[in-house]
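**Q** Okay, sequence plus prediction incoming.
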Amino acid sequence: MRRPDLTYATMDHNVPTKDRYNITDPISKQQIDTLSKNCADFGVTLFDLDSIDQGVVHVMGPELGLTHPGKTIVCGDSHTSTHGAFGALAFGIGTSEVEHVLATQCLQQSKAKTLEVRINGKLKPGVTAKDLILGVIAKYGTDFATGYVIEYTGEAIRGLSMEERMTVCNMSIEAGARAGLIAPDQTTFDYLRGRQYVPQGEAFEAAVAEWQKLATDEGAQYDWVVEFDADSLIPQVTWGTSPGMGTSVTATVPNPADFTTENERKAAEKAIEYMGLTPGTPMTEIPVDYVFIGSCTNGRIEDLRAAAAVAQGYKVSPNVTAIVVPGSGRVKIQAEKEGLDAIFTEAGFEWRDAGCSMCLAMNPDVLKPGQRCASTSNRNFEGRQGRDGRTHLVSPAMAAAAAIEGRFVDVRDWQFKVKQEA
Ligand SMILES: CC(C)[C@H](C(=O)O)[C@@H](O)C(=O)O
Ligand code: SF4
């Protein structure tokens, strides 16, 4: 290994989120044991199950301050695009490329084209970064950014916290992009200050002076520009089996006949059948069996706060199983300090340990065939959360409201209702 000092590891995909040391799946067990052994043999820092920093790599990395503006970051995982939120060039690579990087610390790449995704206006109350990226992908499709690196710009992006920016960049890959990034600014520097793996004291100020140079050039030219209006965005729910098959919670399940091309019609038909839905059904009349709050898209502390704010004082519907899975050990500890775990458990949510959990069916958290899940993760492919499971992607607040009502609800009405009752 060329640079063990620049390499970090954790365990996330196949870690059980309850009784975490009891890994019964032999392949998962072997993978985890092999990683431990390799890290020990090659001197790589590993955040293992005993570490409070163990968690989903895209949650715990930034949290530790490992992600800096201007860095090139690779990981054997497609959602590495998350780290672009800091103005890093971060992308997922395949296993043989991982091997190449470990041996040489370099990678041959062809230059990507540049795409500006300009978000005009501001998000309205109850509309989140998750709705924003789901809305962009619903509008432009799951392959519009193929061959490009996205730069997200515009007023709405500048107004986002680092955690919200990570949610947006996380799903760049669902738009087909090689990577997605946001130019660093004061929000970025404030987030990084004092974290374990950033320079401290005067060295930090010197780093900031360098990072400031990474702001978007005045009059920068891109290969392509698309625009999106944040002002008119409504909370989103996906109805199909790709992240682009989404709509507003106030809308209905679409009619395949209304799509323009034959391919789209066929894809919609197939997706609606798999999802067990009927065209024309209001999204708010779709009942859910399961709610998953977590993942590298929405398993950060702000996400858990948003979900807890909705859940507080209510009970999960008797027809629903709901789990909350912090993205990292530190998110878990912070949430417990703030009493969020108590809010969730009193409401009837299960409070779990950090891991990828039900984002993908590679650990004990799996849907049963036919079960329908409101999920804060990023992929709703067939079988993603378990064979024949049905996934609807939503924001944390929307997921929490769905857990309580037992169906999708417009969280903007929900907040109104809460206020009236209070
Ligand atoms: C299993 C892993 C390689 C995969 C990825 O690359 O993204 C997973 O994290 C996912 O979200 O589908
Ligand atoms: S949380 Fe989900 S999307 Fe993120 S790395 Fe894990 S499996 Fe992939």
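**A** Right, received. Where do you want to start? Ligands and ions are numbered 1, 2, ... in the order given.
**Q** mind listing what's buried in the lengthiest helix in the chain?
**A** Taking DSSP state H as the criterion, the chain has its longest helix at helix 26-42. Using 16 or more other Cβ atoms under 10 Å as the test for burial, helix 26-42 gives S28, Q31, I32, L35, C39. No exception for glycine: its C-beta is placed from N, CA and C like everyone else's.
**Q** Reformat these into a markdown table and put pLDDT and distance to V310 next to each item.
**A** As requested, the buried residues of helix 26-42 are exported to a markdown table (pLDDT from 0 to 100; distance: Cβ to Cβ, whole Å):
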| residue | pLDDT | distance to V310 |
| --- | --- | --- |
| S28 | 95 | 33 |
| Q31 | 96 | 36 |
| I32 | 97 | 34 |
| L35 | 97 | 36 |
| C39 | 98 | 39 |
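**Q** nearest to T7, of the residues you listed?
**A** C39 (8.8 Å; Cβ to Cβ).
**Q** How about the contacts made by the closest one?
**A** A9, T45, L46 (Cβ atoms under 8 Å, 6 or more residues apart in numbering).
**Q** Please apply the same query to R3.
**A** Q105.
**Q** Now render the contacts of C39 as a markdown table, adding distance to F349, pLDDT and secondary structure.
**A** Listed next are the contacts of C39 as a markdown table, based on distance: Cβ to Cβ, whole Å; pLDDT from 0 to 100; DSSP: H, G, I helix; E, B strand; the rest coil:
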| residue | distance to F349 | pLDDT | secondary structure |
| --- | --- | --- | --- |
| A9 | 30 | 98 | strand |
| T45 | 33 | 98 | strand |
| L46 | 30 | 98 | strand |
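**Q** the strands in the stretch 1-150 of the chain, which residues?
**A** Per DSSP state E, counting those that start in this stretch, the stretch 1-150 of the chain carries strands over the ranges 8-10, 45-47, 72-75, 89-92, 113-120, 148-153.
**Q** Please identify the deepest-packed of those strands.
**A** strand 148-153 (a mean of 24; mean count of other Cβ atoms under 10 Å).
**Q** how about it as CSV, C-alpha atoms only?
**A** Provided in CSV are the C-alpha atoms of strand 148-153 (Å, rounded to 0.1, in the frame of the first residue of the first chain):
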residue,chain,number,x,y,z
TYR,A,148,-20.8,15.3,-16.2
VAL,A,149,-19.6,16.6,-12.8
ILE,A,150,-22.4,18.7,-11.4
GLU,A,151,-21.8,22.0,-9.6
TYR,A,152,-24.9,23.0,-7.7
THR,A,153,-25.2,26.8,-7.5
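**Q** Excluding chain neighbours, give the residue nearest to Q371 in space.
**A** D289 (4.5 Å; Cβ to Cβ, 6 or more residues apart in numbering).
**Q** Show me which residues of the stretch 1-150 of the chain sit near ligand 2.
**A** D12, H13, V56, D77, H79 (Cβ under 6 Å from any ligand atom).
**Q** and the fourth one, how many neighbours does it have?
**A** What that stands for is D77. 20 (other Cβ atoms under 10 Å).
**Q** one step back: among the residues of the stretch 1-150 of the chain next to ligand 2, which are in reach of ligand 1?
**A** Near ligand 1, by the rule Cβ under 6 Å from any ligand atom, you find H13, D77, H79 out of those.
**Q** Which residues are in contact with the closest residue to ligand 1 within the stretch 1-150 of the chain?
**A** The nearest approach of the stretch 1-150 of the chain to ligand 1 comes at S78, 3.5 Å away (Cβ to the nearest ligand atom). Contacts for S78 (Cβ under 8 Å, 6+ apart) come out as G92, I173.
**Q** Local confidence estimate at the nearest residue to F42 once chain neighbours are set aside?
**A** Leaving aside its sequence neighbours, F42 sits nearest to M1 (Cβ to Cβ, 6+ apart; 4.7 Å). Listed pLDDT for M1 reads 96.
**Q** wait, M1 sits on H100?
**A** No - if you go by Cβ atoms under 8 Å, M1 and H100 don't touch, sitting 11.6 Å apart.
**Q** Which of the ones next to ligand 1 among the residues of the stretch 1-150 of the chain next to ligand 2 sits closest to A267?
**A** Nearest to A267, judged by Cβ to Cβ, of these is H79 at 23.4 Å.
**Q** For the stretch 151-300 of the chain, which segments count as strands?
**A** All strands of the stretch 151-300 of the chain, identified by DSSP E, counting those that start in this stretch, fall at 179-181, 224-229, 236-238, 246-248, 290-293.
**Q** To Q334, which of the strands of the stretch 1-150 of the chain lies closest?
**A** strand 45-47 (16.2 Å).
**Q** Neighbours of G276, how many?
**A** Residues contacting G276 under the criterion other Cβ under 10 Å number 11.
**Q** Tell me who's in contact with H13.
**A** Applying Cβ under 8 Å, 6+ apart, the residues near H13 are G355, C356, L360, M362, N363.
**Q** Out of those residues, name the two that are farthest from one another.
**A** Of all pairs drawn from those, the one with the longest distance (Cβ to Cβ) is G355 and L360, at 10.6 Å.
**Q** out of these two, which sits in the more crowded spot?
**A** G355 (32 against 20).
**Q** do you know how far the more buried one is from I73?
**A** Counting by Cβ to Cβ, to the nearest Å, the gap from G355 to I73 is 21 Å.
**Q** Show me which residues of the stretch 301-422 of the chain sit near ligand 2.
**A** The interface of the stretch 301-422 of the chain toward ligand 2, taken as Cβ under 6 Å from any ligand atom, is made up of C356, C359, L360, S377, N378.
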